[in-house]
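Engineer: got a sequence here, can you model it:
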Amino acid sequence: MNSLNKDEKKDLVESKVLSWIDDHHDEIAGFLQELIQIPSVNPWFRPKEDESREADVQKAIGNRMQALGAEVANWEPNAKELAKYEGRAGYYADHKFEGRPNQAAVLKGSGGGRSMLLTGHVDVVPAGNGWTVDPYLGERREGVIYGRGAVDMKGGIAAMIMAVEAVVKSGYRMKGDVTVGTVVDEEAGGMGTLDFVDKGYRADACIMTESTDLKVAPLCRGILWGKLIIPGRSGHIELPQGDWREGGAVDAVTLARVFMDHFDRLNADWRLRKTHPYMSIPCQLYIAQVNAGEYPTAFANKAELVFDAQYLPREKDDMGLGSKVKAEIEEFINRVAMTEPWLREHPPVIEWLIDADCGETPVEHPFVQTIGESLKKVISEEMIEGIGFHTDMGWFTNVGIPTVNFGPGNPSVAHQDNESLEEKELIKAVKTIALTLIEWCGVADA
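Structural biologist: Presented below is the predicted three-dimensional model:
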């Protein structure tokens, strides 16, 4: 090998690693099955007994990484210790972490290379009642693996760990350090990642292996959940009602329709202003729930519109959150209220439920280009596209780590009944991450 030039050596390394991945297809699929077979439902969702086993998933990951020579650290986050982040993304004073550890497995490099962080969350949402297969069996059928977390995001975790294993088992050692960081609590707000960053883990680049359909996603949008509470005044729905100033009924459902019509106009404006060259859809405000009224015979005395609104990284405030967009929505709602005499005297109220942060790494950054070139070697094309949903990438970009989302599986399948992942996509993800490790970190003979 010493007689080969630099490019020939790299080609030989890549060929050997890719061959190892092809030869160990069943082992890679089997590791994903192993992770699925350990239920790790976030306890925020009040899972059934024995379904909240995040610690057991971490143990399985830790054992695999230790076998590769990694140093594994395991600890439980503590909300009191993180109180300094109150008001910032991912902090929730009431979250509990007994038996729910974060984990960092550090594979030390030989020196002279750039470091890499591979990260993902081990918690999943509940399986629900609509499954036609066992959600925790990890069944393989005709090249597809079924199970809760197959896409979100144990498939990505399996891919990143097996990519590291492919390089090591092929007889090479990364020059730069590689950290595999697996966190809890993403499905309930992201406090695990906040804690991981607070512990001081850093790298020259990061891949968050959320499912992206094998697209390189250098940004995710922020997400706001809000509840608009519209007051009305009840009255018998079958009888004439006088003017509201004289005690007549005010139908909150009718007022809710007014707001929904105006939200359509807001969205038309946002479709022009809140776009991004790497986002396939603009930011919008969508009504997700409509709750109103008490009785079939009475006009509604209150209506609630629960909505989801997205914002772009360029709209973040100094705390990394969406207060600017909140203020924009509040001002819009106040303007609409001023068009209705009743609402001028009985203004609606907004309750903000969730502010999930966002992040972005410039497409021209060398790391984005590196993973894009690696992907082209696997699928013959480079696909760069941001993702509309929230991921935990924001805190990594906040502390200066260039981060991309990249992982196997269609994200729209996440949280669905019969969640599944095609094995061929899992293998492509393993190959892309392995090639990125080789190029970014550099390798030497073990």
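
Engineer: going forward, measure contacts and count neighbours with C-alpha atoms only.
Structural biologist: Noted.

Engineer: quick check: pLDDT value at the most centrally placed residue in the chain.
Structural biologist: Of all residues in the chain, the one closest to the mean position by C-alpha atoms, centre = their mean is residue 391, 2.7 Å from it. The score at residue 391 is 94. That number is its pLDDT.

Engineer: likewise residue 2?
Structural biologist: 63.

Engineer: just use 97 as the starting number from now, easier for me
Structural biologist: Sure thing, new numbering starts at 97, so read that last one as residue 98.

Engineer: what's the burial count for residue 475?
Structural biologist: Burial measure for residue 475: 13 neighbouring residues, criterion other C-alpha atoms under 10 Å.

Engineer: so what's it up against?
Structural biologist: residue 524 (C-alpha atoms under 8 Å, 6 or more residues apart in numbering).

Engineer: so the spatially closest residue to the residue nearest to the centre of the chain that is not a sequence neighbour bridges to which residues?
Structural biologist: Leaving aside its chain neighbours, residue 487 sits nearest to residue 316 (6.5 Å; criterion: C-alpha to C-alpha, 6 or more residues apart in numbering). Beta bridges link residue 316 to residue 455, residue 483, judged by DSSP bridges.

Engineer: and residue 316, how far is that from residue 424?
Structural biologist: Remark: distance between residue 316 and residue 424 (C-alpha to C-alpha, to the nearest Å) = 20 Å.

Engineer: out of these two, which sits in the more crowded spot?
Structural biologist: Neighbours were counted for residue 316 and for residue 424 using other C-alpha under 10 Å; residue 316 has more, 28 against 11.

Engineer: the more buried one and residue 486 touch, don't they?
Structural biologist: Yes - between residue 316 and residue 486 there is a contact under C-alpha atoms under 8 Å: 5.9 Å.

Engineer: what do these two both touch?
Structural biologist: residue 454.

Engineer: how is this protein carved up into domains?
Structural biologist: The chain breaks down into these domains under automatic domain parsing: 102-316+454-541, 318-452.

Engineer: tell me the most buried of those domains?
Structural biologist: domain 102-316+454-541 (a mean of 21; mean count of other C-alpha atoms under 10 Å).

Engineer: span of that one from start to end?
Structural biologist: 14 Å.

Engineer: tell me where the stretch 197-346 of the chain has strands.
Structural biologist: Per DSSP state E, counting those that start in this stretch, the stretch 197-346 of the chain carries strands over the ranges 198-203, 212-217, 236-237, 240-242, 268-270, 274-279, 302-304, 315-316, 318-327.

Engineer: which one of those strands lies closest to residue 170?
Structural biologist: Proximity to residue 170, assessed across the strands of the stretch 197-346 of the chain by C-alpha to C-alpha, is greatest for strand 198-203 (4.5 Å).

Engineer: now do the helices in the protein.
Structural biologist: 102-119, 121-132, 150-163, 250-265, 287-294, 348-369, 419-433, 437-441, 462-475, 489-494, 519-537 (DSSP state H).

Engineer: quick one: the residue lying closest to residue 457 once chain neighbours are set aside from residue 462, how far?
Structural biologist: Nearest residue to residue 457, sequence neighbours excluded (C-alpha to C-alpha, 6+ apart): residue 314, at 5.2 Å. Using C-alpha to C-alpha, one gets 12 Å for the distance from residue 314 to residue 462.

Engineer: ok, residue 201 next?
Structural biologist: Taken as C-alpha to C-alpha, the span from residue 201 to residue 462 is 25 Å.

Engineer: show the end-to-end separation of stretch 435-448, please.
Structural biologist: Span of stretch 435-448 from end to end, C-alpha to C-alpha: 23 Å.

Engineer: what do you get for stretch 176-195?
Structural biologist: 16 Å.

Engineer: the strands of the stretch 197-346 of the chain: which one's closest to residue 393?
Structural biologist: It is, among those and with distance given as C-alpha to C-alpha, strand 318-327, at 17.8 Å.

Engineer: for the closest one, the distance to its chain's centre please.
Structural biologist: 21 Å (C-alpha atoms, centre = their mean, to the nearest Å).

Engineer: name the helices or strands packed onto that strand?
Structural biologist: Contacts defined by 3 or more C-alpha pairs under 8 Å, 6 or more residues apart in numbering; DSSP states H and E place strand 318-327 against helix 348-369, strand 398-407, strand 445-452.

Engineer: what does the second one contact?
Structural biologist: When contacts are defined by C-alpha under 8 Å, 6+ apart, strand 398-407 is touched by residues 317-329, 348-349, 352, 370, 379-389, 418, 421, 484.

Engineer: then the last one?
Structural biologist: Contact with strand 445-452 is made by 185-186, 285, 318-326, 417-418, 426, 486, as judged by C-alpha under 8 Å, 6+ apart.

Engineer: swap in the first one?
Structural biologist: The contact list for helix 348-369, computed with C-alpha under 8 Å, 6+ apart, reads 326-329, 378-381, 383, 388-389, 395-401, 429, 432.

Engineer: quick check: mean pLDDT of it?
Structural biologist: pLDDT averaged over helix 348-369 gives 98.

Engineer: between strand 398-407 and it, find me the angle.
Structural biologist: Helix 348-369 and strand 398-407 are oriented at 10 degrees to each other (axes from the mean of the first three to the mean of the last three C-alpha atoms, to 10 degrees).

Engineer: okay, the angle between helix 348-369 and helix 419-433?
Structural biologist: Interaxial angle, helix 348-369 versus helix 419-433 (the same axes, to 10 degrees): 130 degrees.

Engineer: cool, and the last one?
Structural biologist: With the same axes, to 10 degrees defining the directions, strand 445-452 sits at 150 degrees from helix 419-433.
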